[in-house]
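# Sequence first, predicted model second:
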Amino acid sequence: MVLFGLFTHKNKDDLNRGLEKTKESVVKRLSRAVIGKSRVDDEVLDNLEEALIASDVGVNTTIKIIERLEKRVSRDKYLNTGELNMILKEEIASLLEENKAADISGTDVSDLPKPYVIMVVGVNGVGKTTTIGKLAYQYKMQNKSVLLGAADTFRAAAVDQLTIWAERAGVPLVKQQMGSDPASVAYDTVFSAKSGETDVVIIDTAGRLHNKTNLMNELAKIKRVIQKVIPEAPHEVLLILDGSTGQNAFEQARQFTEVTQVNAIAVTKLDGTAKGGVVIGISDQFKVPVKYIGIGEKITDFQLFNKHEFVETLFAPVIH
């Protein structure tokens with residue numbers, strides 16, 4: 001059984017809808033880049049470079065893409081602008097393919113250790129709680145038992161929001177009083193999951209970056225107490241990034257990967273932004289896989305990231 005299934009027709013439709021604003025922006029910028037041109041020349045490539053950077057793909061990744069296109073142009077002397085879209089998709093997909101960590105859409109839930117412990121990190125406001133609720137629901141739809149842990153005990157709203165999402169997903173939640181020790185909540189959650197033979201544990205953590213030392217110490221403490229119960233846990237440290245923040249998401253990724261051992265990334269809120277190109281840059285720049293994308297507010301608006309489907313959708317013609 002494959003987690004969340006493969007990309008079905010409905011999933012593709014959802015992805016197309018979720019990326020609509022980004023698609024319109026990208027297609028519009030690409031159209032301007034080639035206007036009045038019949039073949040790909042230096043001016044087209046310069047315009048394309050500006051278009052990709054403006055779409056929040058990121059400078060370093062954009063430079064890589066342009067260098068690949070330049071090689072294609074020098075090899076195939078008379079590339080016409082009508083072929084540009086196809087070539088662009090090919091080169092971006094190829095670039096992401098080289099980062100083997102950038103696509104893990106074949107995760108098989110039957111192979112997960114039990115309980116499978118996920119520690120969720122990210123700054124406040126990026127959609128952390130919402131993502132936890134959606135992820136819990138997806139696992140439950142795979143007939144897995146799920147337990148949530150409310151270890152962001154510094155904000156009353158965080159516990160309240162997670163309680164609501166736990167109810168929506170139909171899964172139990174371990175929580176303590178406001179201001180309790182986050183590590184204590186994490187310990188209780190994992191201990192309870194192990195005792196009850198729960199399949200998946202998802203633990204929320206506080207999202208503060210203004211003092212990295214405190215954050216690092218807190219996350220390290222949570223890890224230590226989890227490992228008292230399950231030595232190899234957490235199996236997944238999932239970083240949540242808000243796609244609508246564009247380049248700020250890069251900076252958050254840098255800072256969190258410095259303070260903890262992130263091994264998976266989820267990019268949220270792609271439906272409400274024209275900055276979805278940031279997923280391409282993050283996939284390329286960080287040696288951590290983008291595992292999930294959030295493309296809407298519904299509990300089902302959550303998908304495994306598939307780079308081929310993403311690139312194909314992003315550069316497909318906009319149909320009104």
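Cool, the structure landed.
# Hmm, Thr153 and Ser180 touching each other?
Yes - counting by CB atoms under 8 Å, Thr153 is a contact partner of Ser180 at 4.7 Å. No exception for glycine: its C-beta is placed from N, CA and C like everyone else's.
# Looking at these two, which is more packed in?
Thr153 (22 against 16; other CB atoms under 10 Å).
# can you list the weak-confidence ranges in the stretch 101-250 of the chain?
Within the stretch 101-250 of the chain, the segments meeting pLDDT under 70 span 101-110, 209-211.
# any idea where the strands of the chain begin and end?
Defined through DSSP state E, the strands belonging to the chain, from first to last, are 116-121, 146-150, 173-174, 200-204, 236-242, 264-268, 290-294, 302-304.
# out of those, nearest to Lys23?
Taking CB to CB, strand 290-294 is the member of the strands of the chain nearest to Lys23, at 14.0 Å.
# Kindly format the C-alpha coordinates of that closest one as CSV.
Taking Å, rounded to 0.1, in the frame of the first residue of the first chain, the C-alpha atoms of strand 290-294 are listed here in CSV:
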residue,chain,number,x,y,z
VAL,A,290,10.3,18.2,-0.2
LYS,A,291,7.9,15.5,0.9
TYR,A,292,4.5,17.2,1.0
ILE,A,293,2.8,20.2,-0.5
GLY,A,294,-0.4,21.9,0.9
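# one step back: for the strands of the chain, give me JSON lines that also has distance to Thr189 and mean neighbour count.
Written out in JSON lines, the entries for the strands of the chain read as follows (distance: least, CB to CB, whole Å; neighbours: other CB atoms under 10 Å):
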{"stretch": "strand 116-121", "distance to Thr189": "9", "mean neighbour count": "25"}
{"stretch": "strand 146-150", "distance to Thr189": "3", "mean neighbour count": "27"}
{"stretch": "strand 173-174", "distance to Thr189": "4", "mean neighbour count": "21"}
{"stretch": "strand 200-204", "distance to Thr189": "6", "mean neighbour count": "29"}
{"stretch": "strand 236-242", "distance to Thr189": "15", "mean neighbour count": "24"}
{"stretch": "strand 264-268", "distance to Thr189": "19", "mean neighbour count": "26"}
{"stretch": "strand 290-294", "distance to Thr189": "21", "mean neighbour count": "25"}
{"stretch": "strand 302-304", "distance to Thr189": "22", "mean neighbour count": "24"}
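# can you list those strands in JSON lines and add distance to Ser184?
Formatted as JSON lines, the entries for these read as follows, by distance: least, CB to CB, whole Å:
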{"stretch": "strand 116-121", "distance to Ser184": "15"}
{"stretch": "strand 146-150", "distance to Ser184": "10"}
{"stretch": "strand 173-174", "distance to Ser184": "10"}
{"stretch": "strand 200-204", "distance to Ser184": "12"}
{"stretch": "strand 236-242", "distance to Ser184": "19"}
{"stretch": "strand 264-268", "distance to Ser184": "25"}
{"stretch": "strand 290-294", "distance to Ser184": "28"}
{"stretch": "strand 302-304", "distance to Ser184": "29"}
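# Pick out the residue nearest the middle of this structure.
The central residue of the chain, meaning the one whose C-alpha is nearest the mean C-alpha position (CA atoms, centre = their mean), is Ala266 at 2.1 Å.
# Can you read off the pLDDT for it?
Reading off the confidence values, Ala266 has pLDDT 93.
# hey, what's the residue nearest to it when sequence neighbours are not counted bridged with?
Beyond its immediate neighbours in the sequence, the residue positioned closest to Ala266 (CB to CB, 6 or more residues apart in numbering) is Tyr292, lying 3.9 Å away. Beta-bridge pairing for Tyr292 (DSSP bridges): Ala266, Leu304.
# Asp301 is in contact with Tyr292, correct?
No - with contacts defined as CB under 8 Å, Tyr292 does not count as touching Asp301, sitting 11.0 Å away.
# Name all residues that make contact with the residue nearest to Val159 when sequence neighbours are not counted.
The shortest distance from Val159 to any residue other than its chain neighbours is 4.7 Å, reached at Ala150 (CB to CB, 6+ apart). By CB atoms under 8 Å, 6 or more residues apart in numbering, the contact set of Ala150 is Ala158, Val159, Leu162, Thr163, Leu173, Val174, Lys175, Gln176, Val185, Asp204.
# Do I have it right that the last one meets Ile132?
I take that to be Asp204. Yes - under the criterion of CB under 8 Å, Asp204 makes contact with Ile132 at 5.8 Å.
# So for Asn99, what pLDDT did the model give?
64.
# Now do the phi/psi pair for Gly122.
Here the main-chain torsion angles of Gly122 (degrees, to the nearest 10) amount to phi 150, psi 160.
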